[in-house]
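Peer 1: only geometry, no sequence info:
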């Protein structure tokens, strides 16, 4: 059944999020970064305001506003401050939607309301030290059935928010001989014995989006914590990344818009050779390019969200939106840095943050190179991207 709010309402919601962020977050972000403490209070506040509940029914504490609303909130949070927008994957899409769509009812009721309220924090543990994009082929984490439990052993790498998370969605091979058909997905409370997290130092990313390594040492998980059935982990992962790519694409649009807004303001204020630098043609050109490309990327995100809200499969559309929005964000960040010149590296401006996160988000939910291959194969008719079914049980609950 179609769901979600009108696009005009989604845009109004995005404006409200920007107003909130301008008042609450932007005056504090340097203080938060320097303190080095994860802002759980902001996550709870965002949960209370309904930012995370867009794609969930009221029975789970959501707003049932749909994917256009999720995209609008994600874009606006990235515009406010890029690291904070990671919440829209982990608290609003990849983790809670995966549990809601694939988990047993008692598992859903136990974890999903807390995730979308921001009282529980989640992380998504796919990647491993020897494989990022090839997380299935390189997966060495194993899950062995032992009575009513599975016992997990292995390691995960580049796991956002794992050091502060209360639960993790962990992928492991239950039958290594079956390839991707031997992968299973588990919900694992992070306080489980043998679940160990080590912070991976990434100074350029700051403290509000921490990345981590996870070691799983005889981690015992009840069989009831399997998402779907054993061996369905590949389909679960593809489903999760479908929705996650929409969120990442939206966040890239928000970052690109932040770059454009900063560049416009600086070009209208900075003077050189007796005039505002915005008067120079070599400044006007990148400003025009950014304006057009941000609008185009936003249109692709809007189209993908509309398909999801209509109940359609949108793997192709979300991948195209994610790929193009990532390219646009990188070009916008580079152009903004050139317009700012040496000031781009000053703590007075957030340009260096935009540069770092624009590049990072080309990797999340499938690298830019992978997206290009998938899009080309689909265009050639060799491998259709929409061949996997999309599970959306959460919205039908």
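Peer 2: Good, I have the coordinates. Bear in mind the structure is a predicted one, so any value in this text is a computation, not a measurement. Numbers count the residues shown, from 1 in each chain.
Peer 1: average pLDDT across stretch 357-374?
Peer 2: Averaging pLDDT along stretch 357-374 gives 89.
Peer 1: okay, how far is it across it, tip to tip?
Peer 2: With Cα to Cα, to the nearest Å as the measure, stretch 357-374 spans 23 Å from end to end.
Peer 1: list the buried ones in that stretch?
Peer 2: 357-366, 368, 370-371, 374 (16 or more other Cβ atoms under 10 Å). For the C-beta atoms, the positions are set from N, CA and C on the backbone; glycine is no exception.
Peer 1: now those in a markdown table, with secondary structure and distance to residue 144?
Peer 2: Shown next, in a markdown table, are the buried residues of stretch 357-374 (DSSP: H, G, I helix; E, B strand; the rest coil; distance: Cβ to Cβ, whole Å):
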| residue | secondary structure | distance to residue 144 |
| --- | --- | --- |
| 357 | helix | 38 |
| 358 | helix | 41 |
| 359 | helix | 38 |
| 360 | helix | 34 |
| 361 | helix | 35 |
| 362 | coil | 36 |
| 363 | coil | 31 |
| 364 | coil | 30 |
| 365 | coil | 29 |
| 366 | coil | 29 |
| 368 | helix | 36 |
| 370 | helix | 30 |
| 371 | helix | 34 |
| 374 | helix | 32 |
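Peer 1: wait, which of those residues is closest to residue 173?
Peer 2: Lowest distance from residue 173 to the buried residues of stretch 357-374 (Cβ to Cβ) belongs to residue 366, with 19.9 Å.
Peer 1: Show the backbone phi and psi for the closest one.
Peer 2: In this entry, residue 366 is assigned phi and psi values of phi 110, psi 120 (degrees, to the nearest 10).
Peer 1: Tell me where this structure has helices.
Peer 2: Using DSSP state H, the helices of the chain run over 7-24, 29-35, 40-48, 67-80, 87-90, 94-102, 105-117, 233-269, 281-309, 315-340, 351-361, 368-380, 393-396.
Peer 1: Tell me which of the ones you listed sits nearest to residue 199.
Peer 2: Across the helices of the chain, residue 199 has its closest neighbour in helix 29-35 (15.0 Å, Cβ to Cβ).
Peer 1: Need the winner for burial among the helices of the chain.
Peer 2: helix 67-80 (a mean of 29; mean count of other Cβ atoms under 10 Å).
Peer 1: who touches residue 289 in this structure?
Peer 2: Residue 289 makes contacts with 331, 335, as judged by Cβ atoms under 8 Å, 6 or more residues apart in numbering.
Peer 1: and the helices of the chain, which one's lowest on average pLDDT?
Peer 2: Across those, helix 393-396 has the smallest mean pLDDT, namely a mean of 57.
Peer 1: and this protein, what are its domains?
Peer 2: Structural domains annotated on the chain: 7-121, 124-231, 234-396, as defined by automatic domain parsing.
Peer 1: if we can go back for a sec, distance to residue 158 added to the helices of the chain, as a markdown table?
Peer 2: Formatted as a markdown table, the helices of the chain follow (distance: least, Cβ to Cβ, whole Å):
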| stretch | distance to residue 158 |
| --- | --- |
| helix 7-24 | 26 |
| helix 29-35 | 20 |
| helix 40-48 | 20 |
| helix 67-80 | 19 |
| helix 87-90 | 13 |
| helix 94-102 | 14 |
| helix 105-117 | 21 |
| helix 233-269 | 14 |
| helix 281-309 | 24 |
| helix 315-340 | 17 |
| helix 351-361 | 10 |
| helix 368-380 | 15 |
| helix 393-396 | 26 |
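Peer 1: So which of the ones you listed is nearest residue 142?
Peer 2: helix 233-269 (12.3 Å).
Peer 1: With residue 87 as the reference, measure out to the residue lying closest to residue 240 once chain neighbours are set aside.
Peer 2: Nearest residue to residue 240, sequence neighbours excluded (Cβ to Cβ, 6 or more residues apart in numbering): residue 98, at 4.4 Å. Separation of residue 98 from residue 87 (Cβ to Cβ, to the nearest Å): 16 Å.
Peer 1: same thing with residue 46?
Peer 2: 6 Å.
Peer 1: Give me the common contacts of the two.
Peer 2: With contacts taken as Cβ under 8 Å, 6+ apart, residue 46 and residue 87 have 52, 77, 118 as neighbours in common.
Peer 1: okay, those residues in JSON lines with distance to residue 270 next?
Peer 2: JSON lines is the format used below for the shared contacts of residue 46 and residue 87 (distance: Cβ to Cβ, whole Å):
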{"residue": "52", "distance to residue 270": "38"}
{"residue": "77", "distance to residue 270": "28"}
{"residue": "118", "distance to residue 270": "39"}
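Peer 1: Spatially central residue in the chain, please.
Peer 2: Nearest to the mean C-alpha position of the chain, by Cα atoms, centre = their mean, lies residue 89 at 3.5 Å.
Peer 1: Please list all residues in contact with that one.
Peer 2: Counted by Cβ under 8 Å, 6+ apart, residue 89 has contacts 95, 124, 160, 244, 247, 248, 364, 365.
Peer 1: Could I get those residues in JSON lines, plus columns for distance to residue 274?
Peer 2: Putting the contacts of residue 89 into JSON lines (distance: Cβ to Cβ, whole Å) gives the following:
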{"residue": "95", "distance to residue 274": "54"}
{"residue": "124", "distance to residue 274": "53"}
{"residue": "160", "distance to residue 274": "47"}
{"residue": "244", "distance to residue 274": "49"}
{"residue": "247", "distance to residue 274": "46"}
{"residue": "248", "distance to residue 274": "43"}
{"residue": "364", "distance to residue 274": "44"}
{"residue": "365", "distance to residue 274": "47"}
